[in-house]
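Enquirer: Model the structure of this input:
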Amino acid sequence: MSSASEKRASVYAGWIYHVGSNSMGYQFCNPRYLVIKGKYVEMYKRDPNDFPSKKPIRRGVAGKFTMVKEIGRQIFHGRVLYVLKIYSRVDHGKHGEIACTSAEEVEKWMSAFRHAKEEVCQEGSSESLVHRCVLSRRSMFNVNGPRYHSKSYLSKLIYIGRGPESLLRRPSMVAQDPLPAVSYTKQAGDAVEQTDWRCFRTVNGLRIFEDIKSENGAIMKSVGVVEATPEMIFEMIMTLDISLRHQWDTLTGQLELVEHIDGHTDIVYGTFDPKYFKRYYVFSRYWRRHQDGSYYITQMEVSHKGAPRKPGYRKITLNPGVWEITPLPSKPGTGTPRSLVTQIMEIKSTGWGRWKKSHYSKFHATVPYAMLCRTAGLSKYMLAAHHQERLVTKSIVNHDESTCETTRLSQVETNEEFYDAITAGDPADEDDDDSEEEEKKPLNKTGSHKLRRVTWGVMLLSKRPPAPGDNGELMLGCSAMEINMKLFKSTLRHQSSEKDQNCWCDPGGQGFMVRGKTYMKDYLKVPGGDPLLKLLTVDWLKSDDKIGAIAKHPASIVQTPAGKALPFIFVVNLQQVPAKPNYSLVFYYAADRPIRPGSLLDKFANGDDAFRNARFKLIPSIVEGYWVVKRAVGTKACLLGRAVTCHYIREDNYFEIDVDIGSSSVARGVIGLVLGYVTNIVVDLAVLIEAKEESELPEYLLGTTRINRIVPEDAKAYETPLNLCSRQSLPM
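Expert: Presented below is the predicted three-dimensional model:
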């Protein structure tokens, strides 16, 4: 990396935990200071800004084979941490794990590693073949060998993380992306919600709603504004500390862990024992963090043989519930963080739901009322505890070359991958043996965000859906090719009527919201309009192995004469749906004209993977189905390349994206829930390329698909090309 580029680079630094098991099988959890500058990664025992003489104990490069995977919540020495796994894509035996104190910090570190990998990709494209060969010969790195320094002053230092308990008196500085009005406007999602809520009661500023379209029982929600960050609220809802829960939770205040399933799912046991009402309950908790900083928690009743039994207690059923925590702009004038907290629950028409028969007259004396009022309890508790230290703050420190000599960081001229460095050696060599006194530093306060005002005239003007021809993605000078849909066969039937099931169709883009022409100024979104590409067909496949490169298969519609004649085919393969066998849902979209060179679609189809990962979005929407599944899936757009592993294939006249859903524990949890109700679900999906510059606006939908109550047993068995050729070559 050149000196000039180093000075422009952002350095990500902060406290993390290096976690794992040593050679004796014992669990370790050591506080470490991690630094990412450009493509280089270094791990220290102490902050090198405070102790410049300290050398890194781990160091390496975040190369093109370096993968970073979010594991979720895990318990180390009685403390809940959020774990990241760093491993090699070609050798999974080389791996290590680091942990953070919040899910937001995990997202920040994942972003930092992505930036480091992008730095490697940019260097790789500009380096000569001879230079790359020299680097490959130096790839073996000796931890005890000499260090080569390339010192430069930092132009921008971004701190991430809170640090270990012994360092809590230091400022907690987490670099956050600017969240102006967009953080508020995003909460509505990117698809049109089908529910119809009516407010029927307010309690001390808490609004309680009922879904008037609900047929089986009642779906209710309470909505309130809490003066705290989403991370603080999430931790308070998930905590098992009885002393904290008793401050705001009137019903589920006494919880204990029964089983930790994975980083995003656990099972808890709770008791409720007033003088004449001794009850216990068992429920599972599943959580995830959205890319916009919001949280989702679902609670479902389960049975578990490991749950304790207490004399005199009778089991009660907790109806399904969901917590949604969405960030809001800071409080004007004070900068106090705020979040919108929504608690949703289902009330059956019998048992606890008998309040409905008496026209809500006794609703205040029911368990559902007590459950919904926990939102108010949470709000009041956070308000009373406003003097406590904020868990997340932000500071970006600009260092001047002439004054900040202590901020020099050593840059190791090495090409060793960081997963090799974090794997090498026994953790015993990292034991803390330093006793230097640490100095206090002032805490920088986070600035408040201002909500931009938008006139109604601009809003009405921006709500015009983008027309397919407005974006100039295709060569409009060429005559449009007529696409004969009858020439393309699929394993899943096309919908023939509204009552048809186990089928697919194209719902159009009116149910999806995309960034409008003026989005960079007012953050307004508009209905998607007609998709750019036409949906040809959908395949529903199953196999014992993961299904990839589907467009290369001899039996694929892409390889048919009709498919080869098309100007461009876009294939999206949602592969490795977590089940046995593995399922794949494949969408085929086609253009009636060639792609215009230099267009956003051209940059996406013919660009690099870093650009694709940062731009490819999917918008889901459950049109019909169980309400818990609706809330779990949500309606917010997801950058798939940031959430799961995507493999891209560009050949001939097609572009294929293989989306590995199984690569993310969060995605596995959501899809696992969906599969349980898939025969009763109608889901709409839209794919698009995210617009990040004003010249790329308005956004447009690449394609849309509706999947109507598909049956897993009807998925067609996938034959590998080798087996297919062998079977076809047999004599008749």
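Enquirer: where does the stretch 201-350 of the chain dip in pLDDT?
Expert: Scanning the stretch 201-350 of the chain for pLDDT under 70 picks out 215-217, 274-276, 348-350.
Enquirer: do the same with the stretch 451-600 of the chain
Expert: For the stretch 451-600 of the chain, the stretches with pLDDT under 70 are 451-471, 576-579.
Enquirer: repeat that for 80
Expert: Flagging of the stretch 451-600 of the chain using pLDDT under 80 yields the residue ranges 451-471, 576-580.
Enquirer: How about the stretch 51-200 of the chain?
Expert: Ranges of the stretch 51-200 of the chain meeting pLDDT under 80: 63-65, 77-78, 89-93, 119-196.
Enquirer: Ile657 touches Thr645, doesn't it?
Expert: No: applying CB atoms under 8 Å, one finds Ile657 not in contact with Thr645, separated by 11.0 Å. Every C-beta, even on glycine, is put in place using the N, C-alpha and C of the backbone.
Enquirer: Those two - which one has more neighbours?
Expert: Between Ile657 and Thr645, counted using other CB atoms under 10 Å, the more crowded position is Ile657 (22 against 18).
Enquirer: Spit out the contact partners of the more buried one.
Expert: Going by CB atoms under 8 Å, 6 or more residues apart in numbering, Ile657 touches 571-573, 612, 616, 640, 646-649.
Enquirer: ok, of those residues, which come out buried?
Expert: Taking 16 or more other CB atoms under 10 Å as the criterion, what is buried in those is 571-573, 612, 616, 640, 646, 648-649.
Enquirer: can you tell me which of the contacts of Ile657 are in helices?
Expert: Among these, the members found in helices (DSSP state H) are 612, 640.
Enquirer: and of the contacts of Ile657, the nearest to Gly38?
Expert: Arg612 (21.8 Å; CB to CB).
Enquirer: Report the contact partners of the closest one.
Expert: So Arg612 contacts 604, 641, 646, 648, 657 (CB under 8 Å, 6+ apart).
Enquirer: how far away is it from Arg288?
Expert: Distance check for Arg612 against Arg288: by CB to CB, to the nearest Å, it reads 23 Å.
Enquirer: Then Lys486?
Expert: Distance from Lys486 to Arg288, by CB to CB: 42 Å.
Enquirer: And stretch 99-107, end to end?
Expert: With CA to CA, to the nearest Å as the measure, stretch 99-107 spans 12 Å from end to end.
Enquirer: Please enumerate the helices of the stretch 601-732 of the chain.
Expert: With DSSP state H, counting those that start in this stretch as the criterion, the stretch 601-732 of the chain has helices at 609-615, 627-633, 640-643, 665-675, 721-729.
Enquirer: Turn those helices into TSV, columns for mean pLDDT and distance to Met382.
Expert: Formatted as TSV, the helices of the stretch 601-732 of the chain follow (pLDDT from 0 to 100; distance: least, CB to CB, whole Å):
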stretch	mean pLDDT	distance to Met382
helix 609-615	91	35
helix 627-633	87	23
helix 640-643	88	29
helix 665-675	82	26
helix 721-729	52	58
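Enquirer: show me where the stretch 401-550 of the chain has helices.
Expert: Going by DSSP H, counting those that start in this stretch, the stretch 401-550 of the chain shows helices at 418-423, 456-462, 519-522.
Enquirer: Output the contacting helices and strands for the shortest one.
Expert: Of the remaining helices and strands, those touching helix 519-522 by 3 or more CB pairs under 8 Å, 6 or more residues apart in numbering; DSSP states H and E are helix 456-462.
Enquirer: Format the helices of the stretch 601-732 of the chain as TSV; extra columns: distance to Glu70.
Expert: Formatted as TSV, these follow (distance: least, CB to CB, whole Å):
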stretch	distance to Glu70
helix 609-615	15
helix 627-633	18
helix 640-643	9
helix 665-675	7
helix 721-729	34
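Enquirer: hang on, Glu107 in a helix?
Expert: Yes: judged by DSSP: H, G, I helix; E, B strand; the rest coil, Glu107 forms part of a helix.
Enquirer: Next one: the residue nearest to it when sequence neighbours are not counted from Glu227, what distance?
Expert: Closest residue to Glu107 apart from its sequence neighbours, by CB to CB, 6 or more residues apart in numbering: Arg289 at 6.8 Å. From Arg289 across to Glu227, the span is 20 Å (CB to CB).
Enquirer: Between these two, tell me which one has more neighbours.
Expert: Arg289 (23 against 19).
Enquirer: Could you give the bridge partners of the more buried one?
Expert: Tyr295 (DSSP bridges).
Enquirer: what do you get for Leu685?
Expert: With DSSP bridges as the rule, Leu685 is bridged to Pro620, Thr705.
Enquirer: Model confidence at it, what's the number?
Expert: If you check Leu685, the pLDDT there is 94.
Enquirer: picking up where we left off before, neighbour-wise, which of Lys486 and Arg288 wins?
Expert: Neighbour tally, Lys486 and Arg288, criterion other CB under 10 Å: the higher count belongs to Arg288, 22 against 6.
Enquirer: Isn't that one up against Val322?
Expert: No: assessed by CB under 8 Å, Arg288 is found out of contact with Val322, at 11.6 Å.
Enquirer: so what sits against both of those two?
Expert: By CB under 8 Å, 6+ apart, the residues touching both Arg288 and Val322 are Tyr296.
Enquirer: before we move on, back to that, columns distance to Thr271 on top of the contacts of Ile657, output as CSV?
Expert: What follows is the contacts of Ile657, written out as CSV (distance: CB to CB, whole Å):
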residue, distance to Thr271
Val571, 53
Val572, 48
Asn573, 47
Arg612, 51
Phe616, 47
Leu640, 42
Cys646, 45
His647, 48
Tyr648, 52
Ile649, 54
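Enquirer: The contacts of Ile657 in strands, which ones?
Expert: Those of the contacts of Ile657 mapping onto strands are 571-573, 616, 646-649, per DSSP state E.
Enquirer: Can you give me the distance of the closest residue to Leu574 other than its chain neighbours to Ala637?
Expert: Spatial nearest neighbour of Leu574, excluding adjacent residues (CB to CB, 6+ apart): Leu585 at 4.5 Å. Leu585 is 19 Å from Ala637, where distance means CB to CB.
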